[in-house]
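Asks: Build me a model from this:
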Amino acid sequence: MKLSLTLPFLITTALASQKALGSPSPHDLLPNPYNPHQAQQQQPLMSLTSSDKPPGSPLLGDIISMDKQIAVFSSLARSVASISELLSNRTINTTVLAPSNRAIQSLPRPPWQEPEDTMLEDAVVDEKYRELEGDDRLRRNERRFVGAHCVRWGDAGEWKEGERRKTVEGVEVWWEERGGERFIMPGGIRVGQRKDAVENGELWIVEGVVNYDR
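Replies: You can find the predicted model right below:
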């Protein structure tokens with residue numbers, strides 16, 4: 001079962017409206033079959049005023065929602081309380097390996113589903129997770145997925161090539177450079193873009209997904 005996304009404007013609009021209207025569930029960012037009434041649920045685009053913006057220099061929690069190519073991951077990260085708090089913590093440095101929308105779209109199932117759900121019909125899975133909205137299993141799966149893409153390094157200093165570090169979920173990762181490009185290992189996940197560093201870390205947009213099924 002492939003995850004179907006019609007991304008550019010609808011997701012950007014939903015994310016831009018989060019602060020004023022309340023953060024939507026990440027499941028609401030995904031159209032059919034997960035949300036048949038997606039079009040009717042979208043809210044109008046609203047810009048942030050200067051009073052809405054946090055004081056001081058930007059943090060990961062501020063910049064992660066600014067790039068529409070990682071809109072799905074951004075929404076998931078903001079919905080997991082422990083990760084949202086981490087990305088807004090000025091004293092803990094983190095490198096976020098944010099999968100692009102396309103990378104998440106290519107997964108055999110949405111991040112909040114169980115591995116065995118790939119064997120079920122779309123309608124059955126849809127009904128199952130509507131009933132499980134807010135369920136511990138659903139939240140656990142979301143937390144596991146997002147945490148596998150956050151490398152918390154505290155005072156360890158710059159993440160150097162070949163240096164093995166663990167994600168929040170305990171997945172060991174490192175990066176290698178080939179032909180001027182960075183790849184997250186294991187798996188050889190290409191780093192498509194590295195955003196400018198902010199006060200509490202770095203945001204890397206990656207073209208694949210760290211193995212979070214453990």
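Asks: count of residues packed around S57?
Replies: Applying other CB atoms under 10 Å, we find 10 residues neighbouring S57. Where you see a C-beta, it was placed from the backbone N, CA and C, and this is true even at glycine.
Asks: Could you do the one 10 residues further on as well?
Replies: D67 is surrounded by 19 other residues when neighbours are defined as other CB under 10 Å.
Asks: One more: I205?
Replies: Neighbour count for I205, taken as other CB under 10 Å: 20.
Asks: now A81
Replies: By the criterion of other CB under 10 Å, A81 has 10 neighbours.
Asks: From E158, how far out is it?
Replies: To E158, A81 is 28 Å away according to CB to CB, to the nearest Å.
Asks: And T94, by the same measure?
Replies: Distance from T94 to E158, by CB to CB: 13 Å.
Asks: Between those two, point out the one with more neighbours.
Replies: Set T94 next to E158 and count neighbours by other CB under 10 Å: T94 wins out with 21 against 10.
Asks: can you give me the helices in the protein?
Replies: Using DSSP state H, the helices of the chain run over 8-16, 18-21, 38-41, 60-63, 71-79, 81-87, 101-105, 122-131, 136-147.
Asks: ranking these by mean pLDDT, which is last?
Replies: Ranked by mean pLDDT, those end with helix 38-41 in last place, scoring a mean of 34.
Asks: how much space between S75 and I83?
Replies: Using CB to CB, we find S75 at a distance of 12 Å from I83.
Asks: ok, now V171?
Replies: From V171 across to I83, the span is 14 Å (CB to CB).
Asks: the more surrounded of the two?
Replies: The residue with more neighbours, out of V171 and I83, is I83; 24 against 19, by other CB under 10 Å.
Asks: is it true that that one touches H149?
Replies: No - with contact defined as CB atoms under 8 Å, I83 does not reach H149; the gap is 9.2 Å.
Asks: Now do the same contact list for L86.
Replies: Contacts for L86 were tallied using CB atoms under 8 Å, 6 or more residues apart in numbering; they are 92, 94, 150, 152, 168.
Asks: Write the PyMOL selection for whichever of those residues are buried.
Replies: Command for PyMOL, covering only those of these found buried under the criterion 16 or more other CB atoms under 10 Å:
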select buried, resi 92+94+150+152+168
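Asks: Mark which of the contacts of L86 are part of strands, please.
Replies: The members of those that map onto strands under DSSP state E are 94, 150, 152.
Asks: Leaving out chain neighbours, which residue sits closest to the second one?
Replies: In space, C150 comes closest to V168 once its chain neighbours are excluded; the distance is 4.7 Å by CB to CB, 6 or more residues apart in numbering.
Asks: same question, the last one
Replies: Residue nearest to R152 in three dimensions, not counting chain neighbours: T94, with 4.9 Å by CB to CB, 6+ apart.
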